[in-house]
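Colleague: give the three-dimensional model of this entry:
(2 chains)
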Number of protein chains: 2
Amino acid sequence: MREVAIIGIGMTKFGELWTKSLRDIFVEAALKAIDDAGVDHIDSMYVGTMTPGLFVGQEHIGALMADYLGTAPIPSVRIESACASGGFAFRQAFIDVASGINDIVLAGGVEKMTDGADVTYALSTAADQEYECYHGITFPGLYAMIANIYFHKYGASRKHLAMIAVKNHKNGALNPNAQFQGEITIDDVLNATMVADPISVMDSSPVSDGAACVIVTTVEIAKKLGKPVVKVIGSGAATDTIALHQRKDILNLDAVKFSAERAYKMAGITPTDIGFAEVHDCFTIAELCIMEELGFCERGKAYQMVEKGETALEGRIPINPSGGLKSKGHPVGATGIAQIVEVVEQLRGNAGKRQIKNARIGLTQNMGGSGASSVVHIFKIE
Amino acid sequence: MREVAIIGIGMTKFGELWTKSLRDIFVEAALKAIDDAGVDHIDSMYVGTMTPGLFVGQEHIGALMADYLGTAPIPSVRIESACASGGFAFRQAFIDVASGINDIVLAGGVEKMTDGADVTYALSTAADQEYECYHGITFPGLYAMIANIYFHKYGASRKHLAMIAVKNHKNGALNPNAQFQGEITIDDVLNATMVADPISVMDSSPVSDGAACVIVTTVEIAKKLGKPVVKVIGSGAATDTIALHQRKDILNLDAVKFSAERAYKMAGITPTDIGFAEVHDCFTIAELCIMEELGFCERGKAYQMVEKGETALEGRIPINPSGGLKSKGHPVGATGIAQIVEVVEQLRGNAGKRQIKNARIGLTQNMGGSGASSVVHIFKIE
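Modeller: Predicted structure coming up:
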C-alpha cells in the first residue's frame, strides 16, 4: 500500500442555494479543490451523495459529475452510505490511491435538499424501511430515544445538549462557509420548538444544499508538487444494525467504535494523540455518544467534558471547530468531505479566526442513519 | 497490487419475485456465494444498486445488507452507476483486494423493480434530468435514435436486431436462472408491440427483480483454499457525456471503448484473445454498438457477425451465453454481477447445457444509461 496525502480542498458555502443546481454546486467545489491542488488532471472520481433520486430526480451521479466537470472519460462512480456517503467516498479514493490503480483522485460529496422534495421522507430512507419508516418514526424520534435513555442513565439534561449547540454555533459564526453564522444562547435552545422530546429544532442540524471536494494523491507526488503534506494515517469503516431497536444497548454506537478502532490501529495511535475532531452532530445528542465511542472520555462522561469547556475551540480537544453539522449545515452527502476540508484547513494553519493552536493530528467521523454505518479518518501534517 | 481471483458465486432466479423483499433476495444470493467460496468470514462488502430509494423507499443499502446478512460490523457500502452499478461494485471490490486493505471481499448487486414504483420514471433518473428527462424522453426513445442512425449509416435493419433477441432467448432457455426460458422467432420480434420505433417490446430487456454476488480474494488465498482460480486479469472503467445529444457521434459509445481499452491494457491482451463475452444488451441495438466498441469487429460490421451466427453459443465468439439482459432479465443493479457469475460458471465448465467449449478467457461489459458509464472486466481460468 502506498502512503496517501491530501493536496487540494474546496467547498461551496452551505445553505439554501436556490439559484444553483446539484451539478452546479458539485462543479464549483471540485474546481476549487483542483485549483487548490494545482494539478492539471485527475485520474478518477468518487462522489458521495445520499439520495439525489428522491431529492432532485437524478441518479447516475458519478458519470453526470465527470461530464459537467469536464473530466470524462475518467472513471467516476457514486458512493452511498446515507449521511456518511461523503466519508465513504473519501475512503474509496484513499483505497484507490493506496492500491496503485490511480495516482490523483477526486473525492467529493454533494446534496441538494431544498428543491422541493419531501425531505423528511427522503432522509427516512436511511432507516429500516420495513421496521422503522413503515411505522412512521423519523430521525428526530430515533435520536430522542437515545437522548432520553442517556439522560436517565448518566444524569445529563437538555442543558448539556444546549451547550453543544451553543459551542457549535460559536464556531460556525467564525466560518464563512457555514449556513448559520450567528451565535445562540442556552435559552435559545431550551425555548426552541420541540421536534421530538427532548430534541428541539435547535438540537437538530438543518436542511442544506452544498458540496465539498478534496484531491487525494500519494505522499510522494504531494512532495514533488511542493504541497503541504497532509497525510491520511488512518482509515476505518464499520456497520451496525440498521434499526435502532435491534441493538443490545441503544446508547452504544458500535459502528463508531469499530470504525475508530480500525483507524487508530492503522495509524498506530490512541485517542489521546488526537488534537481535534470533526464529528457527526446531526443532533446534539449524537456528539456526546460519538465522543465516548471515539475514546475521548469514559462512557457517560462526555457531557461533563462539554460542561468544562474541554471541547471548545480553545479547549483540551476541540470538537467541530467548523461549526459542525448544527451550524455549518448538513447537505447529507457533502458532510463527510466538508469535515475533511475543515481538518485540512486546520492542519495547514489556514482556518482564520477559528484556527486551533498547534493543530497536528485531526480526526473526522461521519455517520449514516442512527449509526448503522460510520467512517473515521485520521490526518497528520508533516 | 496483489493478483485477484473469484472464489465464489451466487444468484437468485431473475424475474418477478413478489414474495421476497429487496433484502431477502440480496441475502439469498450472498449466502450462495459465501457457501460456494467455502469461506467462514468476509472482510468487506460492496453492494451495487441503482435506485432503491425510488423503487422501494430504502437507501443506506451497504449497512442494511451487512446487517441482514449478519456480517456487520464489517465495512459495507453501496455503489451506484445506474445500470452499471453491479459492475462498478465489482471494480471496487477488485481494487479493495488488490490494494491489500482487505483479503476476502463480497461484491453484490441487487434491484427490486416490480414492487409498484413508477419504473419508467425511476430508470429515467439515469439520463440527464435537466436536458433529457425533463423533456419527456426515456431510454427506449434514446436507444431508438441510436438504432435509426445505425440503420441509416450501415444498412442494418430491424431483422438484425431481431436476430439478437432470438439468439439471447435461445441461450436464456438453457439458463435456469433466466426470467424468460422460452425461445422466440424473428417474426415474434418483428410483430411485437412497438415502444419507440424501431425498438419493440421484444427488443427491450424486461423489468426484473434479482440479486447476484461474488466473493473476491487474492490468487494466493484462492490457491490455499483449493478453489478453481478464476483470475481477474483486467479492469477498466470510463465515463462519457450523460446526455446523448452532447456526443460528437451518437453511434460511438466512448465509455465502452475507453473502459475496454483500459481493461485490455491491464490484461496485456487484445480483443482477439477474448473467447466469449457478456455484454449490456439493455436493448438489442446496444449489443451491436458494444461489440464494435469492444473491438470484436470493425465499426458498422457487428450486424454481419450476428447474421453469420458468429455470436451464437457455438459461434466464433459467443455473446451473452447467459441469455443476456434480454432473456435472463435486467434487475438493473444486479446485472453487472450476474454477468460475472455467468463468466465464472463458463470458465469453471459448470454452465450445463449452455457451456461454451474451451472457455478460457471471458469478458464482461456493463453500462449505465445511454452509455455515460461503462465498466469492463476480463477473467481467465488458470
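Colleague: sticking with the closest residue to chain B within the stretch 201-350 of chain A, tell me its helix or strand.
Modeller: Residue of the stretch 201-350 of chain A nearest chain B, by CB to the nearest CB: residue A:237 (3.6 Å). From N, CA and C alone the C-beta is placed, and that goes for glycine too. Using DSSP states H and E, residue A:237 sits within strand A:230-239.
Colleague: give me the helices and strands touching that strand, please.
Modeller: strand A:4-11, helix A:85-99, helix A:254-267, helix A:332-348, strand A:373-381, helix B:61-69 (3 or more CB pairs under 8 Å, 6 or more residues apart in numbering or on different chains; DSSP states H and E).
Colleague: next, the angle helix A:85-99 makes with that strand.
Modeller: Here strand A:230-239 runs at an angle of 120 degrees relative to helix A:85-99 (axes from the mean of the first three to the mean of the last three CA atoms, to 10 degrees).
Colleague: now the angle from strand A:230-239 to strand A:4-11?
Modeller: Strand A:230-239 and strand A:4-11 are oriented at 90 degrees to each other (the same axes, to 10 degrees).
Colleague: just checking: what are the partner strands of strand A:230-239?
Modeller: Using DSSP bridges, strand A:230-239 pairs in its sheet with strand A:4-11 (antiparallel), strand A:373-381 (antiparallel).
Colleague: which of those strands sits closest to residue B:201?
Modeller: Checking these against residue B:201 by CB to CB gives strand A:373-381 as the closest, at 39.9 Å.
Colleague: contacts only, for the most centrally placed residue in chain A.
Modeller: Central residue of chain A (CA atoms, centre = their mean): residue A:336, 3.2 Å from the mean position. Counting by CB atoms under 8 Å, 6 or more residues apart in numbering or on different chains, residue A:336 touches A:48, A:84-90, A:109, A:364, A:366, A:375.
Colleague: residue A:374 now?
Modeller: Contacts of residue A:374 (CB under 8 Å, 6+ apart): A:84, A:237-238, A:240, A:253, A:255-256, A:258-260, A:280, A:365-368.
Colleague: quick revisit: need the helices and strands packed on strand A:230-239 in JSON lines (columns: distance to residue A:173 and mean pLDDT).
Modeller: Shown next, in JSON lines, are the helices and strands packed on strand A:230-239 (distance: least, CB to CB, whole Å; pLDDT from 0 to 100):
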{"stretch": "strand A:4-11", "distance to residue A:173": "17", "mean pLDDT": "98"}
{"stretch": "helix A:85-99", "distance to residue A:173": "23", "mean pLDDT": "97"}
{"stretch": "helix A:254-267", "distance to residue A:173": "27", "mean pLDDT": "98"}
{"stretch": "helix A:332-348", "distance to residue A:173": "15", "mean pLDDT": "98"}
{"stretch": "strand A:373-381", "distance to residue A:173": "25", "mean pLDDT": "98"}
{"stretch": "helix B:61-69", "distance to residue A:173": "34", "mean pLDDT": "98"}
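Colleague: the ones you listed: which one's closest to residue A:315?
Modeller: Nearest of these (CB to CB): helix A:332-348, 14.1 Å.
Colleague: just checking, residue A:68 touches residue A:23?
Modeller: Yes: Residue A:68 lies in contact with residue A:23 (CB atoms under 8 Å); the separation is 4.5 Å.
Colleague: out of these two, which sits in the more crowded spot?
Modeller: residue A:23 (24 against 20; other CB atoms under 10 Å in any protein chain shown).
Colleague: sorry, back to before: wait, which of the helices and strands packed on strand A:230-239 is closest to residue B:224?
Modeller: Proximity to residue B:224, assessed across the helices and strands packed on strand A:230-239 by CB to CB, is greatest for helix A:85-99 (21.8 Å).
Colleague: got the CA coordinates for the closest one in CSV?
Modeller: This file holds the C-alpha atoms of helix A:85-99, laid out as CSV (Å, rounded to 0.1, in the frame of the first residue of the first chain):
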residue,chain,number,x,y,z
SER,A,85,-21.8,9.0,1.9
GLY,A,86,-19.1,11.7,1.7
GLY,A,87,-16.8,9.9,4.3
PHE,A,88,-17.2,6.6,2.4
ALA,A,89,-16.4,8.3,-0.9
PHE,A,90,-13.2,9.6,0.6
ARG,A,91,-12.4,6.1,1.9
GLN,A,92,-12.8,4.7,-1.7
ALA,A,93,-10.5,7.4,-3.0
PHE,A,94,-7.9,6.6,-0.3
ILE,A,95,-8.1,2.8,-1.2
ASP,A,96,-7.8,3.7,-4.9
VAL,A,97,-4.6,5.7,-4.5
ALA,A,98,-3.2,3.3,-1.9
SER,A,99,-3.7,0.4,-4.3
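Colleague: I am finished for the moment; much appreciated.
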